[in-house]
Structures are given as structure tokens and as C-alpha cells.
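Here is a sequence with its predicted model. Questions after.
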Amino acid sequence: MFVFPPSRMIALLLILASGLAACGFQVRAPEKTAQTQAKPQHQDEEIAIQSALQLVQQSRKVDYRIGGADLLNISVYQQADLDRKLRVTQNGTISLPLIGNVKVGGLTVSEAQDAISTKLKDFVINPQVTIFINDYGNKKVFVLGQVRTPGSYELPPESKLTVLEAVSLAGGFTPIASLDRTKIIRVVDGKNQSYTIEVSAITKRGEKEKDITLEPNDVVYVPQSFF
């Protein structure tokens, strides 16, 4: 039978010990993996929120039709004396210098620009009109994510609308909704601010003060639960 010399045996034991140490280090690896998995989930949620906000902005720009009480900022290229900030009347008209009343209610921004440009052609060569909606008269909120009927919903003119009431308008939460990670995204000083709503505190512990009253253009976003 072959016997290892003592020096060779010690060397083998050291190699074995270092191998076991390496294995011990690898046993802790799943904890690091779990931590790294949480980060992509958070990133996915942020990406989903940003995508939702982009859809809201696009819908306003493309699909929105001007209504009564909207505040319009109207400018005519190189005709500063014609620039105006006007509130649309309830019958959908505005009044501008030279051309008088113009019906813009029910039109998209692009259509309203064309309507004003057409009337100005009698007074201005190749008028270029730009309209920006400073304030939306028809106040809306947007409920997106894990609700049964995502979309925009009008704020009631004479009463308040809370987060849970808005979710109820949107058909309620889906089975895979993460209720306690519900967020409100609100524009404050031109920047998006996010507020987390702990729904269980409202529904199970009766903390009604946490059911925040929504403001015009708020976005309620309900993320998906991670199983």
C-alpha cells in the first residue's frame, strides 16, 4: 500500500481545507443572488411607471380634444401682438384680435391651430399658430397598472376623489395587484413626485387619512405583485 509522506499529506490537507472554505463561501451565494434579483424587479417597476407616464402624455397630445374652461396659450410666429392666453368658454369658443370668435371646442390642438391659421390668412402672410394647453378645464386622473379597467377618469366637479375611489372607478384591483405598493405620481414644480399608498392600512386598520385626495392629472399606478 502506498503511503503519502507527511509533508505531502499536509499539503493535501491544506488543499482540501481551502476547497471546503471555497464551498462555504459559495453556500452564501444564493443570498447575494436574491439581493441582485430584487434590484431588477424594482427597475422593472420604475420602467413600467415611466412607460405609463409617457402614454398619459401622448394621449393628451394626440387624442385630447379641447373643452370648455381649458386655458390656452396661443402664439403666432413673428406676430407677438397676436399672442394671447385665453380660457375657452363653455360653448367652446375663444376670441382673438383681427378674427374675432373661433370655435375650438371639440378640436384637437392641431385642428385648432389650423382653424385659427385659416382665419388669419386674410390678415397675416403664412401664419404659423402654436397652441399649448396651460390648464385642463376637464380635470382628469389616470388609473393604470393592475386594475381591471385602466384609463382616464374625470374628477367630480363638486366633490373629492380619493385613491381607493379612483381604483373602484377602474373596476378594482386585479388578483395579481400589489396593493400596498400602490403609487400616486404627481407633478410638483415641473417634476414627477411619487407617493406610496399603503392600501391595507386604509382597508384593514381604518386609517382613512392615508386615502389621499387626488388632484387633476394625478396618475394612480398599481404595480404587479412579485411571487
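Cool, the structure landed.

Which stretches in this structure count as strands?
71-76, 84-87, 93-96, 100-103, 129-135, 140-145, 151-154, 182-188, 191-197, 219-222 (DSSP state E).

list the buried ones in the second one?
Within strand 84-87, the residues scored as buried using 16 or more other Cβ atoms under 10 Å are Leu86. In this view, the C-beta of every residue, glycine as well, is placed from N, C-alpha and C.

Show me what it is packed up against.
strand 71-76, strand 93-96 (3 or more Cβ pairs under 8 Å, 6 or more residues apart in numbering; DSSP states H and E).

Can you list the strands that that strand pairs with?
Strand 84-87 pairs in its sheet with strand 71-76 (antiparallel), by DSSP bridges.

what ranges of this protein fall below the confidence cut-off?
Along the chain, the model assigns pLDDT under 70 to residues 1-45, 48-49, 51-63, 227.

rewinding a little: okay if I get the helices and strands packed on strand 84-87 as a markdown table plus mean neighbour count and distance to Asp211?
Output for the helices and strands packed on strand 84-87, formatted as a markdown table (neighbours: other Cβ atoms under 10 Å; distance: least, Cβ to Cβ, whole Å):
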| stretch | mean neighbour count | distance to Asp211 |
| --- | --- | --- |
| strand 71-76 | 17 | 30 |
| strand 93-96 | 16 | 38 |
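
Now distance to Gln224 too, for those strands, in a markdown table please.
Formatted as a markdown table, those follow (distance: least, Cβ to Cβ, whole Å):
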| stretch | distance to Gln224 |
| --- | --- |
| strand 71-76 | 37 |
| strand 93-96 | 44 |
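
Now do the same contact list for the nearest residue to Ile94 once chain neighbours are set aside.
Distances taken as Cβ to Cβ, 6 or more residues apart in numbering place Leu86 nearest to Ile94, at 4.6 Å, with adjacent residues excluded. Shown in contact with Leu86 (Cβ atoms under 8 Å, 6 or more residues apart in numbering): 71-72, 74, 94-96.

ditto for Gly137
Going by Cβ under 8 Å, 6+ apart, Gly137 touches 67-71, 87-88.

how close does it get to Gln113?
18 Å (Cβ to Cβ, to the nearest Å).

and what of Arg65?
13 Å.

do the same with Ala80
Counting by Cβ to Cβ, the gap from Ala80 to Gln113 is 17 Å.

Also Pro175?
45 Å.

cool, and Leu98?
16 Å.

Next: Pro223.
For Pro223 relative to Gln113 (Cβ to Cβ), the value is 38 Å.
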